[in-house]
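Undergrad: Build the 3D model from these lines:
(one chain, ligands or ions: 1)
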Amino acid sequence: MRRNLTPGKVGIDFLDGFIHGAINDALAKDGIDTSGLYQFYAVRVQKRLGGLSEYEEHIARYAIERCAGRRVVEIGTGLGELPIVLALNGMTTAGVEYDGNRQRAAMALHERIASCFPEILERYEFIRGSFPETLSGSAWTGADVTLLFTNVGAGWDADRTGRAIDFFTNVGEIILDLRLFGVVREDAADREELFARIAARARTAELLPDLSPGCYFARFTF
Ligand SMILES: C[S@@+](CC[C@H](N)C(=O)[O-])C[C@H]1O[C@@H](n2cnc3c(N)ncnc32)[C@H](O)[C@@H]1O
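TA: Okay, here's the model as predicted:
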């Protein structure tokens, strides 16, 4: 049976298969690296995992329920699969990506999904650029914006991490995985330090231990 996150909208299982098919075709056409999929996405086809990871489904459910009426931007969106799922469930979304090959793959997925669901063109914007600089002065700031960070343990240096945290006061809400924000933090003490650092500037701060197993999500409001 096809499961829906929102009654009457495009089902999550349908999108899982749709995105899996897009990844499969891109891999066959261009190979792992030129396609911009790299091992991170290629494994989803090689191991038949589907187009969406479990934490993406969990965070999609959370965002649909808890971020209704807000504009949601995923930073380090990869192919943009999470903002696509949210947009096809009625939300207004964007995804930011800085890797050139990934950008091409994300734009190809955007085009492919828009050919089936043209309504996504009004709901989802793919943004080529680096966070935080690319969002400065953009329309994607304000109290109604939520920034989502799922898996961006990309080896940011201290300067980028500092500028990213400084940027948070430009939006109303941040949801991030403390383990994978900028660098990978395997030690609990390092995750606690990041939480305290952001909480010191935030209006509210809470851990979301039940959002997705094996993840360390936290929510902050500004
Ligand atoms: C590991 S992938 C995860 C993709 C997707 N969020 C997921 O969890 O399936 C992380 C992506 O974030 C991008 N990225 C990392 N830091 C970024 C930044 N500061 N601005 C834009 N993109 C960034 C990388 O290029 C990469 O495509």
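Undergrad: which residue is nearest the centroid of this protein?
TA: residue 74 (3.7 Å; Cα atoms, centre = their mean).
Undergrad: Am I right that that one is in contact with residue 96?
TA: Yes: the pair residue 74 and residue 96 passes the contact test of Cβ atoms under 8 Å, sitting 7.2 Å apart. Backbone N, C-alpha and C define where each C-beta goes, glycine included.
Undergrad: Residue 54: what's it in contact with?
TA: Shown in contact with residue 54 (Cβ atoms under 8 Å, 6 or more residues apart in numbering): 212, 213.
Undergrad: meant to ask about residue 217
TA: Taking Cβ under 8 Å, 6+ apart, one finds 59, 175, 176, 177, 178, 207, 208, 209, 211 in contact with residue 217.
Undergrad: do that again at 7 Å, thanks
TA: By Cβ atoms under 7 Å, 6 or more residues apart in numbering, the residues touching residue 217 are 175, 176, 177, 208, 211.
Undergrad: Run a quick neighbour tally on the third one.
TA: The one in question is residue 177. Counted by other Cβ atoms under 10 Å, the residues lying close to residue 177 total 24.
Undergrad: any idea how far it is from the ligand?
TA: Distance, residue 177 to the ligand, using Cβ to the nearest ligand atom, to the nearest Å: 9 Å.
Undergrad: beta partners of that residue?
TA: residue 217 (DSSP bridges).
Undergrad: While we're on it, how confident is the model there?
TA: pLDDT, residue 177: 98.
Undergrad: what about residue 111, which SS state?
TA: The local conformation at residue 111, judged by DSSP: H, G, I helix; E, B strand; the rest coil, is helix.
Undergrad: Pick out the most distant pair among the contacts of residue 217.
TA: Greatest spacing in those, by Cβ to Cβ: 176 and 211 (11.0 Å).
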